[in-house]
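Chemist: sequence unknown, structure follows:
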């Protein structure tokens, strides 16, 4: 939590407009994340651990609808659907997607599970919690962000019982 973004959130040095830009990229990434989770399930084979498949399906069920949460969050804070339709992911958003895609394609199911669950969801929980506090400090409507933060609170714990299987 020493990363500059978290420090800037704690000191409220991120403007309202910058928060909107951050949430726009989260909106873009949420499309990618659903695709990653779906691909992970689609590429599962019977040679792999069925427990990972069960976790992946549960994770996807939890994540479905988050795109709409971010859209609602942006809408209630003044971003039109037209503006969202023209939105493009920035390089960092695409880079995170690429990293996770490469992990899913080239690593075993345990490493992919760690990347998507323990790493992304742990970071995500801290990111969303910090962003939520910043939004509240700016007087922004944040109900969808509250819901997302609550939904993600336990995701980083999913699959930890499989740690003994890691190579």
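Modeler: In hand now; what should we look at? All values derive from a computational prediction rather than experimental measurement. Residues are numbered from 1 along each chain as shown.
Chemist: quick one: average pLDDT of the top helix by length along the chain?
Modeler: Ranked by residue count and defined by DSSP state H, the top helix of the chain is helix 16-42. Average pLDDT, helix 16-42: 93.
Chemist: in the chain, which helix or strand is least confident?
Modeler: Lowest on mean pLDDT, DSSP states H and E among the helices and strands of the chain sits helix 143-152, with a mean of 75.
Chemist: where's the residue nearest to the spatial centre of the chain relative to residue 131, distance?
Modeler: Of all residues in the chain, the one closest to the mean position by Cα atoms, centre = their mean is residue 124, 5.4 Å from it. Separation of residue 124 from residue 131 (Cβ to Cβ, to the nearest Å): 10 Å. Placement of C-beta: from N, CA and C, glycine included.
Chemist: Kindly report the same for residue 86.
Modeler: Distance of residue 86 to residue 131, given as Cβ to Cβ: 23 Å.
Chemist: Comparing the two, which shows the higher neighbour count?
Modeler: residue 131 (24 against 7; other Cβ atoms under 10 Å).
Chemist: All the strands of this structure, in order from the start?
Modeler: Applying DSSP state E to the chain gives no strands.
Chemist: Good, wrapping up.
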